[in-house]
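S.K.: Quick check, what structure comes out for this input:
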Amino acid sequence: MRILLDRAIFYFLLSLFIILFGCANNDNSQNTSDDISALLNNMVLIQSGEIDKQYEMTSLDEFSSHSRSVNAFFILSHEVTWRMYIPCIKAGICDGELVDINEVELNKPVVNVSFYEITNNYIPWLNRRYKQNFRLPTANEFTYVAQGSNMGLANIKPEMICKYANIMNGSLIYNRDSHRKKERYCDDGFAQAAPIKSFFSNVHKVFDMIGNVSEWSSTCGYRKEKKHTVSERHHLRILKRTDCAFGYVLGGDYYSRFDYLHTISKQNWRRTERERYIGFRLAKSLAN
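M.R.: Have a look, this model is predicted:
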């Protein structure tokens, strides 16, 4: 009788464990399903088109007049947030300290991540987790989407610009009539990075392509070389050579002056670097 009772208790506990374990797995599966649904719902389809000539960069092949066309692709409507990044830290894949972050901070862009941390750790982990093919946008793709922000800002009074993008408060505004710089105070409400979607989206329904945090692209940057040339006078010429140890960071950030809102900010950064005002967003090819 005692043996039968022990067996009954054993099988009861085993059944209970299986039920609870199954529920936990179902919850995790449901959470994963909800996460990818939310992520995919925020991927915006960008139709094919061409970069406006005023935004192209003729110093590099990708920005030459022969490659201004952009194929259709998907781009995340906002920067990758801490809410999206922390699970990768918890999984032991991404670097970072697990600290208590409030709801507002969770919805701010991830910063202080290098290009290699994104492309070697986070994106591969994300793609394995969700069976997707996310990547960083190219500089051409980013520029094409960002020029939609510039077009929308073209006719806005300078002192109102910071209501549409998170830039440096009290930034210098260039007065073309007097050829002087005049400081006008313009408070966007955020001294540093703002939560995603705090400002209006652009014509593509994409947020913060200009301002808030600068963003990594997948495009290789350049190194400078000095070259002596012989002409009527001897002089030193600085050449830019493509170098994939560097990468393009685009879009400007909360440290940027007003000037950056009328051009697409492009910076050449070593890909190992991290900064508190550099983040990233995801892209996805149409065929994937």
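S.K.: which intervals of the stretch 101-250 of the chain have sub-threshold pLDDT?
M.R.: Low-confidence segments of the stretch 101-250 of the chain (pLDDT under 70): 149-162, 169-186, 225-239.
S.K.: again, 80 this time
M.R.: For the stretch 101-250 of the chain, the stretches flagged by pLDDT under 80 are 101, 148-164, 167-189, 191, 224-240.
S.K.: ranges for the strands of it?
M.R.: With DSSP state E, counting those that start in this stretch as the criterion, the stretch 101-250 of the chain has strands at 172-175, 180-183, 214-229, 235-250.
S.K.: those helices in the stretch 1-150 of the chain, which residues are they?
M.R.: Assigned by DSSP state H, counting those that start in this stretch, the stretch 1-150 of the chain shows helices spanning 2-41, 82-90, 103-106, 115-117, 123-130, 139-153.
S.K.: which ones are touching Glu79?
M.R.: Going by C-beta atoms under 8 Å, 6 or more residues apart in numbering, Glu79 touches Pro109, Val110, Ile196, Asp208, Asn212, Val213, Glu215, Gly279, Phe280, Arg281. Yep, even glycine has a C-beta here, placed from its N, CA and C like the rest.
S.K.: Excluding covalently adjacent residues, which one is nearest to it?
M.R.: Sequence neighbours aside, Pro109 is the residue nearest to Glu79 in space, at 3.7 Å (criterion: C-beta to C-beta, 6 or more residues apart in numbering).
S.K.: how far away is the nearest residue to Ser218 once chain neighbours are set aside from Tyr130?
M.R.: Leaving aside its chain neighbours, Ser218 sits nearest to Leu136 (4.1 Å; criterion: C-beta to C-beta, 6+ apart). Applying C-beta to C-beta, to the nearest Å, the value for Leu136 to Tyr130 is 16 Å.
S.K.: Of the two, which one has the most company?
M.R.: Leu136 (21 against 16; other C-beta atoms under 10 Å).
S.K.: Please name the residues that touch the more buried one.
M.R.: For Leu136, the contacting residues are Ile118, Thr119, Ile123, Trp216, Ser217, Ser218, Phe280, Arg281, Leu282, Ala283, by C-beta under 8 Å, 6+ apart.
S.K.: swap the cut-off to 7 Å and go again
M.R.: If you count contacts by C-beta atoms under 7 Å, 6 or more residues apart in numbering, Leu136 has them with Ile118, Thr119, Trp216, Ser217, Ser218, Phe280, Ala283.
S.K.: ok, the last one touching Ala72?
M.R.: No. Applying C-beta atoms under 7 Å, one finds Ala283 not in contact with Ala72, separated by 11.5 Å.
S.K.: Neighbour count for the two, which is higher?
M.R.: Comparing Ala283 with Ala72 by other C-beta under 10 Å, the one with more neighbours is Ala283, at 22 against 12.
S.K.: And this protein, what are its domain boundaries?
M.R.: Domain assignment of the chain by automatic domain parsing yields the ranges 1-41, 43-285.
S.K.: rewinding a little: of all the contacts of Glu79, which comes closest to Asp188?
M.R.: Asp188 has its nearest neighbour among these in Asn212, at 9.6 Å by C-beta to C-beta.
S.K.: and the closest one, what does it touch?
M.R.: Applying C-beta under 7 Å, 6+ apart to Asn212 gives the contacts Glu79, Pro109, Asn166, Ala193, Ala194, Asp253, Tyr254.
S.K.: That one: what's its closest spatial neighbour, skipping adjacent residues?
M.R.: Leaving out its chain neighbours, the residue that sits closest to Asn212 by C-beta to C-beta, 6+ apart is Asn166, at 4.3 Å.
S.K.: Might one say that the one you found is in contact with Tyr255?
M.R.: No. Using C-beta under 7 Å, Asn166 is not in contact with Tyr255, being 10.1 Å away.
S.K.: if we can go back for a sec, please report the distance of the residue nearest to Asn212 from Lys53.
M.R.: According to C-beta to C-beta, Asn166 and Lys53 sit 28 Å apart.
S.K.: hmm, back to that, now, among the contacts of Glu79, which is nearest to Gly189?
M.R.: The nearest member of these to Gly189, counting by C-beta to C-beta, is Asn212 at 12.0 Å.
S.K.: quick one, phi psi at that closest one?
M.R.: When quoted as degrees, to the nearest 10, the phi and psi of Asn212 stand at phi 70, psi -90.
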